[in-house]
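Q: my questions are about this predicted structure, shown below with the sequence.
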Amino acid sequence: QVQLVESGGGLVQAGGSLRLSCAASGRTFNGFVMGWFRQAPGKEREFVARIWWTSGTTSYADSVKGRFTISKDNAKNSLYLQMNSLKPEDTAVYYCAAGSVAWSMDYWGKGTLVTVSS
């Protein structure tokens, strides 16, 4: 049974930083793409960043480029999202996800709330 468990969310002031973690278990993720998505109140879920588990290739949404960094630790089966220069519009529930193809995630975590105050 695949499990993705996010942690690290919280309340932070604008301009601050947070680091999200995602502990993955239940299968090998070689060849998979792992990603972070977010859903703000009243909005649809949106892509934030992704990383290919094997190659380490990354991509980001334009709204977070230069501020967020996605990384992984294969030995720990963990995914991370370092978020710097946070803005109030970054407030959302952040989800960890994994999939065999970039455009369709097969597994989702339950999310962690990030609140950025102005």
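A: Everything's here; your move.
Q: now do the strands in the chain.
A: Here the chain has its strands, by DSSP state E, at 3-7, 10-13, 18-25, 33-39, 46-52, 58-60, 68-73, 78-83, 92-99, 107-108, 112-117.
Q: where does pLDDT dip in this structure?
A: Of all residues in the chain, none has pLDDT under 70.
Q: coming back round to it: mean neighbour count added to the strands of the chain, as a markdown table?
A: Glycine gets a C-beta too; all of them are placed from N, C-alpha and C. As requested, the strands of the chain are arranged in a markdown table below (neighbours: other Cβ atoms under 10 Å):
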| stretch | mean neighbour count |
| --- | --- |
| strand 3-7 | 17 |
| strand 10-13 | 13 |
| strand 18-25 | 18 |
| strand 33-39 | 22 |
| strand 46-52 | 19 |
| strand 58-60 | 15 |
| strand 68-73 | 17 |
| strand 78-83 | 21 |
| strand 92-99 | 22 |
| strand 107-108 | 18 |
| strand 112-117 | 17 |
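Q: residue closest to the middle of the protein?
A: residue 36 (2.5 Å; Cα atoms, centre = their mean).
Q: show me the contacts for that one.
A: Contact analysis of residue 36 by Cβ atoms under 8 Å, 6 or more residues apart in numbering lists 20, 22, 48, 49, 50, 70, 79, 81, 94, 95, 96, 97.
Q: quick check, nearest of those to residue 58?
A: Checking the contacts of residue 36 against residue 58 by Cβ to Cβ gives residue 70 as the nearest, at 5.5 Å.
Q: isn't residue 111 up against residue 4?
A: No - with contacts defined as Cβ atoms under 8 Å, residue 111 does not count as touching residue 4, sitting 9.8 Å away.
Q: my read is that residue 71 contacts residue 51, right?
A: Yes - counting by Cβ under 8 Å, residue 71 touches residue 51, with 7.1 Å between them.
Q: common neighbours of the two, please.
A: Taking Cβ under 8 Å, 6+ apart as the criterion, residue 71 and residue 51 both touch residue 79.
Q: and the closest residue in space to residue 43 that isn't next to it in sequence, how far is that from residue 74?
A: Nearest non-adjacent residue to residue 43, counting by Cβ to Cβ, 6 or more residues apart in numbering: residue 92, 7.9 Å away. Using Cβ to Cβ, to the nearest Å, we find residue 92 at a distance of 27 Å from residue 74.
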